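Next comes the sequence, and after it the predicted model I'd like to discuss.
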Amino acid sequence: MRVAVVGAGVVGLSTTVALLGQGADVVCYDRGRPMGERSVGGSRIFRLAHTDAELVDLAIRSRRMYDAWSRDAAEELIDDTETVVSGPDVSAWAAAMSAAGARHSVVGPTSPLLRLPAGEIPAQSLVDHAGGVVRAARVGAYLRSVTSSVVREATVFAVEETTGGVRVRSSTSAEVFDAAVVCAGAATSGLAAQVGIYTPPDLNHHVRFTFALRQGSERERFQCWISRSSDGLDTYQHLSGPGEWAVGAHVGRDDVRWEAGRDHATQASRRVVTGYVRRYLTAVDPQVRELLHCTTTPGLDDGYRVLRRGRVLAVYGDNLFKLAPVLGRRLAGAALDGSTPPSTGMHRTAPVGGDEPADGRG
């Protein structure tokens with residue numbers, strides 16, 4: 001079969017790798033550098049921890065695939081630092097972890113199992129012992145090396161069903177395929193609509209900031225941390241590099257909606273995040289070193305939706321970097337056999353928000 005993959009973020013490239021592994025004839029389209037939009041950046045949080053046992057199980061499978069990719073790449077793609085989820089109620093997270101058989105611990109603020117850069121720790125925390133930092137830049141390098149022969153730099157502006165297949169019109173060609181997978185992040189909604197598939201069109205700005213760890217803490221192996229502070233702010237944090245700590249927060253919708261503009265969203269996010277760092281993170285210097293901007297789809301939580309119309313599949317979701325290997329395998333199989341993979345998650349069921357920008361531009 002000949003399959004088009006539209007979008008070369010981590011999900012698109014994972015799908016392309018899986019299709020190549022099954023002997024398909026693949027073209028993966030991207031308008032710029034692969035892994036250059038929502039999948040951009042050097043690091044992400046990896047976790048088994050979810051409030052849905054099915055998502056925990058998918059993350060377990062994804063971790064096995066990341067380990068296999070690490071062996072192929074001859075370098076570790078995930079740093080095993082563990083991930084901590086803190087908040088007023090972590091019982092839903094613990095219940096899902098238990099149902100999936102995932103190793104975890106529920107602890108209090110003084111537990112020796114916690115390694116966090118903060119002076120104030122919430123009353124309850126869940127330690128996900130299989131969590132850690134996905135080295136996103138290494139993942140991107142590996143995926144690009146495997147798919148380099150089939151990735152085409154071109155802007156796709158039309159996906160059309162024909163009597164003989166799916167025509168993909170791009171800035172360089174118009175070609176017909178047996179099937180197409182649209183996983184193009186911010187561009188997914190417009191392309192999927194052309195074949196009658198609805199995906200959410202709204203966008204938010206999202207900004208993550210990187211800080212230096214203070215002298216004396218720069219060599220600490222802090223855990224990744226998803227937390228709700230005492231004033232109700234949801235954050236995600238992790239070691240983004242040696243001596244560097246990345247922090248993102250869920251800022252008010254009015255400040256980050258697309259119409260507010262990138263500059264306003266960046267300034268508003270900077271105020272919120274640096275204020276949080278000054279108040280809570282005793283081991284972190286509050287001066288911003290760098291920032292990472294991307295777009296997200298508002299109103300989503302962990303998980304993804306896969307929709308089909310004829311020979312075209314479209315996928316959208318949030319926090320997908322950690323699930324990309326297993327999701328790519330599912331999408332590849334569905335493109336080849338005409339099925340529709342089950343959707344999962346995406347309902348906000350816990351007090352702590354998502355930990356990463358959405359995948360697809362990521």
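That came in fine, so what should we check first?

For the stretch 101-250 of the chain, give me the ranges with low pLDDT.
For the stretch 101-250 of the chain, no stretch has pLDDT under 70.

which stretches of it form helices?
136-147, 188-193 (DSSP state H, counting those that start in this stretch).

Between these, which one is closest to Gly333.
For Gly333, the closest of the helices of the stretch 101-250 of the chain is helix 136-147, at 17.5 Å, according to C-beta to C-beta. Backbone N, C-alpha and C define where each C-beta goes, glycine included.

Can you point out the buried residues in the closest one?
Neighbour counts over helix 136-147 (16 or more other C-beta atoms under 10 Å) mark 136, 138-140, 142-143, 146-147 as buried.

From those, pick the one nearest Leu233.
Looking across the buried residues of helix 136-147 and measuring by C-beta to C-beta, the closest to Leu233 is Ala136, at 24.4 Å.

pretty sure the closest one contacts Ser43?
Yes - counting by C-beta atoms under 8 Å, Ser43 is a contact partner of Ala136 at 5.5 Å.

In the protein, where's the longest strand?
Of all segments of type strand in the chain, defined using DSSP state E, the longest is strand 284-296.

looking only at pLDDT, what's the mean for it?
Mean pLDDT, strand 284-296: 95.

and that strand, what does it pack onto?
Judged by 3 or more C-beta pairs under 8 Å, 6 or more residues apart in numbering; DSSP states H and E, strand 284-296 is in contact with strand 204-213, strand 244-249, helix 262-280.

Can you give the strand pairings for that strand, parallel or anti for each?
Applying DSSP bridges to the sheet, strand 284-296 is found paired with strand 204-213 (antiparallel).

and the angle from the strand it pairs with to helix 262-280?
Strand 204-213 runs at 40 degrees relative to helix 262-280, counting by axes from the mean of the first three to the mean of the last three C-alpha atoms, to 10 degrees.

what comes into contact with the longest helix anywhere in the chain?
With secondary structure taken from DSSP state H, the chain has its longest helix at helix 53-73. Here helix 53-73 makes contact (C-beta atoms under 8 Å, 6 or more residues apart in numbering) with 46-50, 76-78, 95-97, 99-100, 102, 130, 134, 138-139, 141-142, 146, 302-303, 322-327, 329, 344-345.

show me the contacts for Tyr29.
Applying C-beta under 8 Å, 6+ apart to Tyr29 gives the contacts 4-8, 151-152, 154-156, 168, 170.

List the buried residues of the longest strand of the chain.
So for strand 284-296, counting by 16+ other C-beta under 10 Å, buried means 284-286, 292, 294-296.

what about the closest residue to Leu300 other than its chain neighbours, neighbour count?
Residue nearest to Leu300 in three dimensions, not counting chain neighbours: Asp318, with 3.9 Å by C-beta to C-beta, 6 or more residues apart in numbering. Using other C-beta atoms under 10 Å, Asp318 has 24 other residues around it.
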